[in-house]
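**Student:** sequence first, then the predicted structure, then my questions.
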Amino acid sequence: MGEVRATPGNRAEDAHPGKVIRAERVKQRMTIAQLARKMGYSIAQVSRYETGKSSLADVATRRLFIDALGLPPQALGLAPDVPVDDHGRAPDVFAEYPRLPASMVRNLGGEDGEDAVRRRKLLANLAVTAAAAAGTPLMLGSTGNRDTLIGDVLVGRLRDAMLGLGGEVLPEPVQLSVELGRAVTDFHACRYDSLSSRLPLVIRSGHAHSVSGKGQYLVLAKAYVLATRLLVKFDEQQLGWMAADRARQLAEADGNALAIAESARQIAVLARRAGWHHEAMSIALTAAVTPGLRQAGHDGTAQRGLLIQSAAYSAARGGDADAMREMTAEAAAIARELGSTTRLRDHGGGFSTATVQLHLISAENSTGDPGTALTAARAMTPQSLPTVERRARYYTDVAAALGRWGRRDECVRALLAAEQHAPQETHSRPAVKTMVSGLLLSGRTTGELRGLAARCGVLV
């Protein structure tokens, strides 16, 4: 089912809508800058629409072009009477998302007979998982060994909370925002032991207190966005998709434009990791131009920058270095326009000129150019990044570029710097373990490398 209604014999059947727009703009002797200014978009975004790099499937966006150029709706494949909802979508062609709060995961119980017996046996066999969900302390050896298992514990507890299995809930809804704030602080500081108890508690409590009404939808949406971010970090894409979809449903239920856009960014990240680079770029760029962000002031502008930054990285992963650099430059321009302040800190560390530069390091390395990635790294200082988690990411990205370039000793030193900043992140993150394992197998080993491998739980 399509996202727009086309009428027979219209120009949209014969040409990509972007070509129709460009032809009409040229016919009216209007520059791309004039059209962009008239619509409230950047020049780069209008250019992407005209060239087909950005999808024009959104009804509201097509109507903006129709109004700006004075086109009949049929020219861009719309029937004159297509209504749109508050989010710019045609209601008869978009299936309504199932509303999670209206169908809460309930506690199991009330069965009789053999079904109840089988249920109890199953739950008994999950005793270890239930203990983890309840926050039972881990009886482990050294700090290094404990850190290597933190990721597994965190993922297990998030899974159980998302499935509605066991665990306590906060007695009062008012506590949810406070606990979520603490969970975000734990994430920024890479305190995953504390986070492994706090975030699942917020998710369970959010569901429990959302049964009676809309009040906690936004808090729960933000909790699921944070859960998605963690699940991606720990290579748990299946649970990540589940969390991201719930985040989107809840954000839509609340109607918060920033939360809707941030959930779209997480879905774009998951699409990129699935290898769907063009689709990931399209998801991010489409979300970047939703009307709600233009009405959200400086934070809406920062969210647009985050989405364009994400699209740039997807272009890099897809092998399009030119598109990556073009969109990174656009994101950097947005960051400079916003000044020196880091905005939206709870959106994965926020948006600023420094965070854009951080993404550029990884993006350049993804295109196969570690030298340019290291040049990008030298152009900034990790202290300019807003959180410990982002600084640790800086050092691991630098390590990845050095490793790709064959500079083993410097790669190890960068990983040790990441460990010094965020030991739990470095010891538990699968990407770091893979890097350390590769270093062990590909050349001579040093005492520093063997020690790091032991602390990361990688066999020497």
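**Tutor:** That came in fine, so what should we check first?
**Student:** now Tyr224: which helix or strand?
**Tutor:** Tyr224 belongs to helix 217-233 when assigned by DSSP states H and E.
**Student:** which other helices and strands does that helix contact?
**Tutor:** Judged by 3 or more C-beta pairs under 8 Å, 6 or more residues apart in numbering; DSSP states H and E, helix 217-233 is in contact with helix 143-163, helix 175-189, helix 192-210, helix 237-254, helix 257-273. (C-beta placed from N, C-alpha, C; glycine too.)
**Student:** tell me what angle the last one forms with helix 217-233.
**Tutor:** In other words, helix 257-273. Calculated by axes from the mean of the first three to the mean of the last three C-alpha atoms, to 10 degrees, helix 257-273 forms an angle of 20 degrees with helix 217-233.
**Student:** list the buried residues of whichever helix or strand comes after helix 257-273.
**Tutor:** Per DSSP H and E, the first helix or strand lying C-terminal to helix 257-273 is helix 277-288. For helix 277-288, the neighbour count (16 or more other C-beta atoms under 10 Å) marks 277, 279-288 as buried.
**Student:** also stretch 448-460?
**Tutor:** In terms of neighbour count (16+ other C-beta under 10 Å), stretch 448-460 has its buried residues at 449, 452-458.
**Student:** state the mean pLDDT of it.
**Tutor:** Averaged over stretch 448-460, pLDDT sits at 92.
**Student:** can you list contacts of it?
**Tutor:** Residues from elsewhere that reach stretch 448-460, judged by C-beta atoms under 8 Å, 6 or more residues apart in numbering: 144-145, 147-149, 412, 415-416, 419, 423, 426-427, 432-433, 436-437, 439-440, 445.
**Student:** next one: stretch 41-58
**Tutor:** By C-beta under 8 Å, 6+ apart, the residues outside stretch 41-58 that reach it are 3-4, 16-19, 21-22, 25, 32-33, 35-36, 39, 61-62, 65, 76, 88-89, 281-282, 285-286, 288-290, 323, 326-327, 330.
**Student:** can you say which of those are buried?
**Tutor:** Looks like the contacts of stretch 41-58 have 4, 17-18, 21-22, 25, 35-36, 39, 61-62, 65, 76, 88-89, 281-282, 285-286, 288-290, 323, 326-327, 330 buried, using 16+ other C-beta under 10 Å.
**Student:** in a markdown table, list the buried residues of helix 277-288 along with pLDDT and distance to Ile334.
**Tutor:** Output for the buried residues of helix 277-288, formatted as a markdown table (pLDDT from 0 to 100; distance: C-beta to C-beta, whole Å):
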| residue | pLDDT | distance to Ile334 |
| --- | --- | --- |
| His277 | 96 | 22 |
| Glu279 | 94 | 23 |
| Ala280 | 96 | 20 |
| Met281 | 95 | 17 |
| Ser282 | 93 | 19 |
| Ile283 | 95 | 19 |
| Ala284 | 96 | 14 |
| Leu285 | 94 | 13 |
| Thr286 | 92 | 17 |
| Ala287 | 95 | 15 |
| Ala288 | 95 | 10 |
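**Student:** how about the nearest residue to Ala189 once chain neighbours are set aside, what does it touch?
**Tutor:** Nearest residue to Ala189, sequence neighbours excluded (C-beta to C-beta, 6 or more residues apart in numbering): Val388, at 5.1 Å. Going by C-beta under 8 Å, 6+ apart, Val388 touches 188-190, 421-422.
**Student:** ditto for Leu69
**Tutor:** Going by C-beta under 8 Å, 6+ apart, Leu69 touches 21, 24-25, 28, 30, 35.
**Student:** do the same with Ala257
**Tutor:** Here Ala257 is in contact with 290, 292-293, 295-296, 300 (C-beta under 8 Å, 6+ apart).
**Student:** roughly how far does it sit from Asp299?
**Tutor:** Applying C-beta to C-beta, to the nearest Å, the value for Ala257 to Asp299 is 9 Å.
**Student:** sorry, back to before: from Thr341, how far off is the residue nearest to Ala189?
**Tutor:** Distance, Val388 to Thr341, using C-beta to C-beta: 19 Å.
**Student:** now swap in Ala223 and tell me
**Tutor:** 25 Å.
**Student:** nearest to Ser196 among the buried residues of stretch 448-460?
**Tutor:** Nearest to Ser196 among the buried residues of stretch 448-460, counting by C-beta to C-beta, is Gly457 at 16.6 Å.
**Student:** hang on, the closest one in a helix?
**Tutor:** No: counting by DSSP: H, G, I helix; E, B strand; the rest coil, Gly457 is not part of a helix but coil.
**Student:** quick check: phi and psi on it?
**Tutor:** Dihedral pair for Gly457: phi 70, psi 20, per degrees, to the nearest 10.
**Student:** got the contacts of Leu69 as JSON lines, with pLDDT, secondary structure and distance to Ser194 columns?
**Tutor:** Shown next, in JSON lines, are the contacts of Leu69 (pLDDT from 0 to 100; DSSP: H, G, I helix; E, B strand; the rest coil; distance: C-beta to C-beta, whole Å):
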{"residue": "Ile21", "pLDDT": "87", "secondary structure": "helix", "distance to Ser194": "51"}
{"residue": "Glu24", "pLDDT": "84", "secondary structure": "helix", "distance to Ser194": "57"}
{"residue": "Arg25", "pLDDT": "90", "secondary structure": "helix", "distance to Ser194": "54"}
{"residue": "Gln28", "pLDDT": "87", "secondary structure": "coil", "distance to Ser194": "59"}
{"residue": "Met30", "pLDDT": "84", "secondary structure": "coil", "distance to Ser194": "56"}
{"residue": "Leu35", "pLDDT": "86", "secondary structure": "helix", "distance to Ser194": "50"}
